[in-house]
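**Q** coords please:
(chains A and B)
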Amino acid sequence: MSLPGPQPTVASAARALLARDLRLLWRRRGDAAQPILFALLVVALFALALGGEPRLLQSVASAVLWLAVLLAGLLSLDSLFRSDAEDGSLEQWLLSPVPLAWLVAVRVFTHWLTTAFPLVLVSPLLAELMHLPRAQLPILIASLALGTPLLSLLGAVVAALTVGMRRAGILLALLVLPLYVPVLVFGAGAVAASAQGLDPSGALLMLAAGLVVSALLAPLAAALAIRIANS
Amino acid sequence: MIDTTNAPPLLAAQGLRFSRNDDPVFGPLDLHVDAGEALLVQGSNGAGKTTLLRVLAGLLAPDQGQIEIDGRPASRTERSRYIAYLSHLTALKQDLGTLENLHFLCGLQGRRARQMPGNALAIVGLAGYEETPVRQLSAGQKKRLSLARVWLSPAPVWLLDEPYANLDLEGINLVNRMISAHLRSGGAALVTTHGAYSAPPVRNRLLTLGGNDQEESA
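**A** Numbering: from 1, shown residues only, chains lettered A, B, ... in the order given. Below you'll find the model as predicted:
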């Protein structure tokens, strides 16, 4: 029998997957800026449509900023597992000694890191476009930092469910948007509450609790959906 | 040499049956592959060769029947340790170089001791293409790269779906040499073909799929 060499561990498989995804992103770095440009355009369109009146913009800033981030995430959601399903990579994931849910979790994390995290980084710029008061900026950043991974995890379950279809397109949006409602309510709500002088920590804690639960359950559900999609 | 007389077959299936939307695809089917042995799965297009390999790899659940690996019921853990699967889909990333693809797949599935991705590229005739993005390779070269992945895999059971497709004569010889070397070191292989190619010069048996006349002949 041929000698088995180094068996992949959860850590080494995660490193390999992370390195692969970052390399792929670097090869197509033009695409990497698209979510940021999209969110920037959505915010700019809102600002133009509302007439650039600072007081009016201020009052809807939290809702618009959260919607822009949410929609940008929605656009990149289909790419989460699509290419890996089409070129057969998922088949090889299924045959890896490493649990599929772990690979899914790592994939969701890199996807969040490369599509949503840049949006969190540029959110002060977007907030400035909407004349969000500086005092609320930390709350916005905190709500996005907790909320966007939650969006990615919820989205991963739906992306995995629809990965067997040739083009998920609008169906993906129809399935995932209802799931995003609570995240949007608590995320935009935290910023709106602090604008009214209320304590936003309740909404932020709800987001944190949702993040913990979905970080545990969403990879398992998405892994199950991938197994079904592959059969 | 390994004594295979009393050892359980590396891969065995009893009464295996699979149907899609109530249409029987194959079965009931009995098969077994011992260490050092190749099972050639033949049949016309649509006879269920690929489906059989996907069921054995655990990607599809059979309607009936048991699959055993090395004498134990096939579980996910057993499969991931024992099975290397060459699919119709290449599992290669178009934008990455050949070596980068192999490094990732080895990181995912492990590799044999003393086998390095660079050497495997040389074995399959892709030396000099280490940095080439996969999108610039021909179909035959992609097949060779996939074969390099199987070669590096520590799994003793190779499930090869149409390994000869897209390959030139030299490539067909390469597949036969790789299978022979793998079997000599105690591995086993299931190989699907249309039957139009020469079989590897190893101890092999034939399984013909198609219609109701499935048979296993020595």
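
**Q** Now do the strands in chain B.
**A** Assigned strands in chain B, in chain order: B:11-20, B:23-33, B:38-42, B:64-69, B:72-73, B:83-86, B:157-161, B:188-193, B:204-208, B:215-217 (criterion: DSSP state E).

**Q** how about those strands, which one is nearest chain A?
**A** Nearest to chain A among these is strand B:83-86 (5.8 Å), distances taken as Cβ to the nearest Cβ. Any C-beta I mention is one placed from the backbone N, CA and C, and that applies to glycine too.

**Q** Which residues does that closest one contact?
**A** With contact meaning Cβ atoms under 8 Å, 6 or more residues apart in numbering or on different chains, strand B:83-86 is reached by A:91-92, A:95, B:11, B:53, B:56-59, B:69, B:109, B:146-147, B:149-150, B:153, B:155, B:157-161, B:163.

**Q** helix or strand right after the helix or strand bottoming out on mean pLDDT in chain A?
**A** Lowest mean confidence among the helices and strands of chain A (mean pLDDT, DSSP states H and E): helix A:29-32, at a mean of 86. On the C-terminal side of helix A:29-32, the closest following helix or strand by DSSP states H and E is helix A:34-49.

**Q** quick one: that next one to chain centroid distance?
**A** Taking Cα atoms, centre = their mean, to the nearest Å, one finds helix A:34-49 lying 18 Å from the centre of the chain it belongs to.

**Q** ok, which stretches of chain B are helices?
**A** Ranges of helices in chain B, per DSSP state H, are B:49-57, B:76-82, B:98-109, B:117-123, B:139-152, B:169-184.

**Q** Could I get the buried residue list for the fifth one?
**A** Of the residues in helix B:139-152, B:141-152 count as buried by neighbour count, 16 or more other Cβ atoms under 10 Å in any protein chain shown.

**Q** Report the residue spans of chain A with pLDDT below the cut-off.
**A** Within chain A, the stretches with pLDDT under 70 are A:1-6.

**Q** cool, chain B as well?
**A** Applying pLDDT under 70 to chain B flags the ranges B:1-5, B:195-198, B:211-218.

**Q** ok, residue B:180 touching residue B:203?
**A** No: using Cβ atoms under 8 Å, residue B:180 makes no contact with residue B:203, being 10.0 Å away.

**Q** Now do the shared contacts for the two.
**A** The contact sets of residue B:180 and residue B:203 do not overlap (Cβ under 8 Å, 6+ apart).

**Q** what about these two, which has more around it?
**A** More crowded of residue B:180 and residue B:203, by other Cβ atoms under 10 Å in any protein chain shown: residue B:180, with 15 against 10.

**Q** how many other residues sit next to the residue lying closest to residue A:214 once chain neighbours are set aside?
**A** Nearest residue to residue A:214 in three dimensions, chain neighbours excluded: residue A:153, at 4.2 Å (Cβ to Cβ, 6 or more residues apart in numbering or on different chains). Using other Cβ under 10 Å, residue A:153 has 25 other residues around it.

**Q** Surely residue A:153 is in a helix?
**A** Yes: counting by DSSP: H, G, I helix; E, B strand; the rest coil, residue A:153 is part of a helix.

**Q** which of the residues in the least confident helix or strand of chain A are buried?
**A** Quick answer for helix A:29-32: no buried residues (16+ other Cβ under 10 Å).

**Q** Identify all contacting residues around it.
**A** A:25, A:114, A:118.

**Q** Just the CA coordinates for that helix, please, in CSV.
**A** The C-alpha trace of helix A:29-32 is given here as CSV (Å, rounded to 0.1, in the frame of the first residue of the first chain):
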residue,chain,number,x,y,z
ARG,A,29,-9.0,42.1,-8.8
GLY,A,30,-11.1,44.3,-11.2
ASP,A,31,-14.2,42.4,-10.1
ALA,A,32,-13.3,42.8,-6.4
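
**Q** For it, what is the distance to the chain centroid?
**A** For helix A:29-32, the distance to the chain centre is 17 Å (Cα atoms, centre = their mean).

**Q** contacting residues for the residue nearest to residue A:214?
**A** By Cβ under 8 Å, 6+ apart, the contact list for residue A:153 reads A:108, A:211, A:214-215, A:218-219.

**Q** Return the two entries of those residues that lie farthest from one another.
**A** A:211 and A:219 (12.9 Å; Cβ to Cβ).

**Q** who has more neighbours, these two?
**A** Counted by other Cβ under 10 Å, residue A:211 and residue A:219 do not tie: residue A:219 has more neighbours, with 25 against 20.

**Q** picking up where we left off before, the contacts of helix A:29-32 also near chain B: which ones?
**A** When contact is defined as Cβ under 8 Å from any Cβ of the partner chain, those do not meet chain B at all.

**Q** what are the bridge partners for residue B:13, then?
**A** residue B:31, residue B:67 (DSSP bridges).

**Q** who's in contact with it?
**A** Neighbouring residues of residue B:13 by Cβ under 8 Å, 6+ apart: B:29-32, B:56, B:65-68.

**Q** for residue A:38, same thing?
**A** A:68, A:71-72, A:75.

**Q** ok, so of those residues, who is nearest chain B?
**A** Of all the contacts of residue A:38, residue A:75 has the smallest distance to chain B: 20.3 Å, by Cβ to the nearest Cβ.

**Q** any idea how far that closest one lies from residue B:85?
**A** Using Cβ to Cβ, to the nearest Å, we find residue A:75 at a distance of 33 Å from residue B:85.

**Q** same check, this time on residue A:211
**A** Distance from residue A:211 to residue B:85, by Cβ to Cβ: 36 Å.
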